[in-house]
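Asker: sequence unavailable; structure follows:
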């Protein structure tokens, strides 16, 4: 591994770039506000890489969309991670839709006098 990194550094100069990015002098010392820019760049990079991978595998046509999602989640290396990342909102949406459909299928209550307006 060391030989590969030496070769890569010789070809690209990546060690100098990483050193400049990680060991930058911050006037006044490190603070939490300096973290958010790096976090944003990291999140954008993750979105970019996963977007390119999904773009190369996903098929949005009406005939093959389900099969491509199945392939991504069950057969592709790391595809299970994609299914877990979006699992919570999807399961909440399903629960909400089931609840809404149950409510609409219930018979309406009969209108009658309210308890506060009863005559004594």
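Answerer: Here it is on my side, so go on. Keep in mind that this is a model prediction, so the values were computed, not measured.
Asker: what average pLDDT does stretch 32-44 get?
Answerer: Averaging pLDDT along stretch 32-44 yields 85.
Asker: in it, what's buried?
Answerer: For stretch 32-44, the neighbour count (16 or more other Cβ atoms under 10 Å) marks no residue as buried. For every residue, glycine as well, the C-beta is placed using N, CA and C.
Asker: contacts for that stretch?
Answerer: By Cβ atoms under 8 Å, 6 or more residues apart in numbering, the residues outside stretch 32-44 that reach it are residue 26.
Asker: buried residues in the helix or strand residue 72 falls within?
Answerer: Taking DSSP states H and E as the definition, one finds residue 72 inside helix 65-74. Neighbour-count burial for helix 65-74 flags 68-69, 72 (criterion: 16+ other Cβ under 10 Å).
Asker: helices and strands around it, which ones?
Answerer: helix 35-57, helix 79-85 (3 or more Cβ pairs under 8 Å, 6 or more residues apart in numbering; DSSP states H and E).
Asker: quick check: angle from that helix to helix 35-57?
Answerer: Interaxial angle of helix 65-74 relative to helix 35-57 (axes from the mean of the first three to the mean of the last three Cα atoms, to 10 degrees): 130 degrees.
Asker: save the buried residues of helix 65-74 as CSV, and put in distance to residue 31 and pLDDT too.
Answerer: Listed next are the buried residues of helix 65-74 as CSV, based on distance: Cβ to Cβ, whole Å; pLDDT from 0 to 100:
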residue, distance to residue 31, pLDDT
68, 45, 84
69, 43, 82
72, 40, 81
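Asker: can you list those residues in TSV and add distance to residue 27?
Answerer: Shown next, in TSV, are those (distance: Cβ to Cβ, whole Å):
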residue	distance to residue 27
68	50
69	49
72	46
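Asker: need the helices and strands packed on helix 65-74 in a markdown table with distance to residue 16, can you?
Answerer: Below are those laid out as a markdown table (distance: least, Cβ to Cβ, whole Å):
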| stretch | distance to residue 16 |
| --- | --- |
| helix 35-57 | 19 |
| helix 79-85 | 33 |
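Asker: understood, closing this out.
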